[in-house]
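S.K.: coords below, sequence missing:
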């Protein structure tokens, strides 16, 4: 067991942190107030290689692995969970092309995704539910050399930003009746629909996708017909949840720093509140939540980098980190007292951001269902 | 000549202690009158080098001429003002003479061994060091403008003005000055400003705010604010100092009509010196200041700004 | 434009956010900096950025050097990740304790060993010492001209540069023949970020470490022994607020305040 980071990983962390502090931090308030996505920051990130962290080098990526990705997302998330979400969702959309794409498909899409010329996402959820994947209603019918896709997706991150998207649709019935398609945003019959007004992760885009007789070439099927469920669940488990974990970890880190800093400065009864036991217990609880979430998050990334199946570990980290983020954000607000309720101070935004991660990539309840499969094998 | 006069004053005191001569070096074009001033302030001798080439500070020419003078006359101690000129010239000469140089001294004195004791700040003033140059000569030091008290003119002082011929020509040198342009100083971003004047709720209105800005101008200071002036739009958001704004680290912070609530003070606590002006004697800011004046800022700020301007 | 090759001097400085942790050893009168991480001197980042821009326009190379403890390797790798082509670290116990003269002497020797170059760039001053002396001193040891407070550099065709030198109330325009030493101020540019794409190569780059044996130097002029200036005493200034109230009529109060501020050297 080796619990340290390599110097290369430390340099990566430092680079991501410096970028986040210099470019993102000054814009956080504005993003939260207006809800607008700062495209110029995304452009800068693209040029520095942030989007291509998981793409193999031969297609222009950094081929850095899951631990590296987690480091980058944690540092971005520490400054802005919204920005981290936009980035991690792009990785999510890219991932199935890397794992299941043909050489042709990889050459077609990966280089432009690595350069950040186009952003990405993966669309599963529909009004019929996200937790109930088999219940989706979007259909894809084969017509000659094309598929015609009809349906609506909702609560899709990067809905209005993505140029290359993964879409899950029904080509048959039952678990083997789902297929993953790569759909480009300029495809005929594809358009983003309403944009959601979220109370958290503001500055990240979430919205609806409308596919009305959307035509895609048969070459856009990832894997083959019927592989859709495996690809979708695999990518959400291995890339989606870990991405959220890293962003949530960034939130918890931010809670810890804000709470500690504030309590050392705030004087009541003639001394800083950091000397009051009740506040100290809150601070240590946030610290424990941070370290525990950190260990689980990096552990599951480590397992994945070794090529091992780790759905239970990914789910466990997701459950723990996201629940901890909400818990720690509330504690931080409480430490700030009345100041914690003012929009001017960070903690309220941390809570609003954290809550959005509870339902992303599977709710906490679903995480338990994922874990139980492994748990029942343990005795 | 500002800082040069201050150096003459400082040099005079040291020369008295060492019972030795104080010489000044004056380079320029058409500056002979200044030589007499230097004598009046305390120089026993002035080495004067005049040439069109020397009208503006020319690093190569100045270093060559002064380097030769220093090698010839071998002073014990050599002082310069720490200005853009001094900070450029002094190290070049120090390397030419292979001697030690201490920059931005806060005080200079000599011990009984005749060694120059140079007190300097390091790490932004978090640490103070006393530096000596025990063996190498001259012992060189620079001092920032305004640190040393300027000397009084002593009537009836006599001194010798020695004219140094200048043979250097621009063609012989590797750099040329093409132009010298005067500009309005740009407003320094508040986080890196050396001096900050901040106003609070008590300033009352835009007329009051003008007094704050005037005080800042008199000191070349950046202007900061607490939340109420920003809300009232007397100041902009990027001037906000405090927990939800900027942190400043100036050597001097003046808080005017600011009560001193915690969320503002955390942004200024690293200032070297804090001055507070407030008409409420119980304002918390006084406990966090080095100097406090209980008064209506409208009464104190105009004469203060005036007096500061007269210094320059 | 013909290729312009640049050398950039870098200095690792203790992280200013942790300066309050500097411990003063009262017996040896030295500063203990253990545990305080170093970062690249901010003005050196501007120097590196300018060198990279010159490289992009002229096609030359950018080599970074530093005289520092072995831990400075990180800062040199960071410079490579930002875009430098190569780095050299000058590190040896005999270099330790050097003042600006002894430091400049060693750096100049290393520059001579590196061979021909067109521009040597450095930050105008460092965060910790802040003397601004090393640039001009290196230039003197190399026998080439120098310009400080540089806020703009234009490379001209005929082996010369035209620079703007910032003054207290304006600027000078100076033309100089290369090679020369230019000390830059922050107005000159906005430094680029470390590119994630260069990190892997930067971590694997070979950074030679030169000791006193690798340089053509007089050992009596390096390190603590070669430093003309010595620290005779080191002390922490008291930071408690004085809470001194100044009373009187507005004119009196103004005069008194100004006097006190001047005594403290802040006005």
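M.R.: Great, that's in hand. In this text the structure is predicted, and so the values were computed from the model without any measurement.
S.K.: Helix or strand next in line after the strand ranked longest in chain C, which one?
M.R.: Ranked by number of residues, the top strand in chain C under DSSP state E is strand C:146-155. For strand C:146-155, the succeeding helix or strand toward the C-terminus, using DSSP states H and E, is strand C:160-167.
S.K.: is chain B contacted by that following strand?
M.R.: Yes - for strand C:160-167, a contact with chain B is found by CB under 8 Å from any CB of the partner chain, at C:162, C:165, C:166, C:167. All C-beta atoms are positioned from the backbone trio N, CA, C, and that covers glycine.
S.K.: Just the pLDDT at the third one, thanks.
M.R.: So that's residue C:166. Turning to residue C:166, the model gives it a pLDDT of 94.
S.K.: in the stretch 151-267 of chain C, which spans are strands?
M.R.: When secondary structure is read from DSSP state E, counting those that start in this stretch, the stretch 151-267 of chain C shows strands at C:160-167, C:170-177, C:180-184, C:209-210, C:230-235, C:244-245.
S.K.: could you dump the residues of strand C:160-167 next to chain B to TSV with neighbour count and distance to residue A:274?
M.R.: Putting those into TSV (neighbours: other CB atoms under 10 Å in any protein chain shown; distance: CB to CB, whole Å) gives the following:
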residue	neighbour count	distance to residue A:274
C:162	15	55
C:165	24	48
C:166	20	43
C:167	18	47
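S.K.: For stretch B:110-130, which residues meet the burial criterion?
M.R.: Buried residues in stretch B:110-130, counted by 16 or more other CB atoms under 10 Å in any protein chain shown: B:110, B:115-123, B:125-130.
S.K.: I meant to write stretch A:18-28 there.
M.R.: Going by neighbour count (16+ other CB under 10 Å), the buried part of stretch A:18-28 is A:19, A:20, A:23, A:24, A:27, A:28.
S.K.: does any part of the lowest-mean-pLDDT helix or strand in chain B sit near chain C?
M.R.: Every helix and strand of chain B was ranked by mean pLDDT, DSSP states H and E. The lowest is helix B:262-265, at a mean of 78. No - with CB under 8 Å from any CB as the criterion, chain C is not reached by helix B:262-265; the gap is at least 10.8 Å.
S.K.: So what are the sheet partners of the longest strand of chain C and their directions?
M.R.: strand C:160-167 (antiparallel), strand C:180-184 (parallel) (DSSP bridges).
S.K.: Give the rounded mean pLDDT of the next helix or strand after the least confident helix or strand of chain B.
M.R.: Helices and strands here follow DSSP H and E; after helix B:262-265, the next one along the chain is strand B:273-278. Taken as a whole, strand B:273-278 carries a mean pLDDT of 95.
S.K.: What is strand B:273-278 packed up against?
M.R.: If you count contacts as 3 or more CB pairs under 8 Å, 6 or more residues apart in numbering or on different chains; DSSP states H and E, strand B:273-278 packs onto strand B:252-256, strand B:291-294, helix B:297-311, helix C:250-263.
S.K.: Can you redo the ones you listed as CSV, where the extra columns are distance to residue B:148?
M.R.: Formatted as CSV, these follow (distance: least, CB to CB, whole Å):
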stretch, distance to residue B:148
strand B:252-256, 17
strand B:291-294, 21
helix B:297-311, 13
helix C:250-263, 9
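S.K.: Chain A is nearest to which of the ones you listed?
M.R.: Chain A sits nearest to strand B:252-256 of all these, at 17.2 Å, using CB to the nearest CB.
S.K.: Next, the angle from that closest one to helix B:297-311.
M.R.: 150 degrees (axes from the mean of the first three to the mean of the last three CA atoms, to 10 degrees).
S.K.: Quick check: the gap between residue C:192 and residue A:279.
M.R.: According to CB to CB, to the nearest Å, residue C:192 and residue A:279 sit 42 Å apart.
S.K.: ok, the two, which is more surrounded?
M.R.: residue A:279 (20 against 16; other CB atoms under 10 Å in any protein chain shown).
S.K.: Residue B:284 versus that one, what's the distance?
M.R.: Residue A:279 sits 22 Å away from residue B:284, going by CB to CB.
S.K.: May I have the beta-bridge partners of residue B:109?
M.R.: Beta-bridge partners, per DSSP bridges, of residue B:109: residue B:117.
S.K.: follow-up on the earlier one: when you check chain B, which of the buried residues of stretch A:18-28 turn up near it?
M.R.: The subset of the buried residues of stretch A:18-28 within reach of chain B, by CB under 8 Å from any CB, is empty.
S.K.: Of these, which is the nearest to chain C?
M.R.: The closest of those to chain C turns out to be residue A:19 (CB to the nearest CB; 5.0 Å).
S.K.: What strand or helix carries the closest one?
M.R.: helix A:7-19.
S.K.: on that earlier part again, now tell me what touches the least confident helix or strand of chain B from outside.
M.R.: A:265-267, A:339, B:198, B:200, B:226-227, B:241-244, B:258, B:284-285, B:288 (CB atoms under 8 Å, 6 or more residues apart in numbering or on different chains).
S.K.: swap in stretch C:260-267?
M.R.: Residues from elsewhere that reach stretch C:260-267 (CB under 8 Å, 6+ apart): B:106, B:144, B:146-147, B:149, B:195, B:219, B:251-252, B:272-273, B:275, B:291, B:308, B:311, C:244, C:246, C:258.
S.K.: again, but for stretch A:261-277
M.R.: Contacts to stretch A:261-277, defined as CB under 8 Å, 6+ apart, come from residues A:260, A:279, A:280, A:283, A:335, A:336, A:339, B:243, B:262, B:266.
S.K.: isn't there a helix covering the second one?
M.R.: Yes - secondary structure of residue A:279, determined by DSSP: H, G, I helix; E, B strand; the rest coil: located in a helix.
S.K.: how about low-confidence regions in chain B?
M.R.: Scanning chain B with the threshold set as pLDDT under 70 gives B:124-126, B:185-188, B:243-244.
S.K.: so what are the domain limits for it?
M.R.: For chain B, the structural domains run B:2-172, B:190-311, going by automatic domain parsing.
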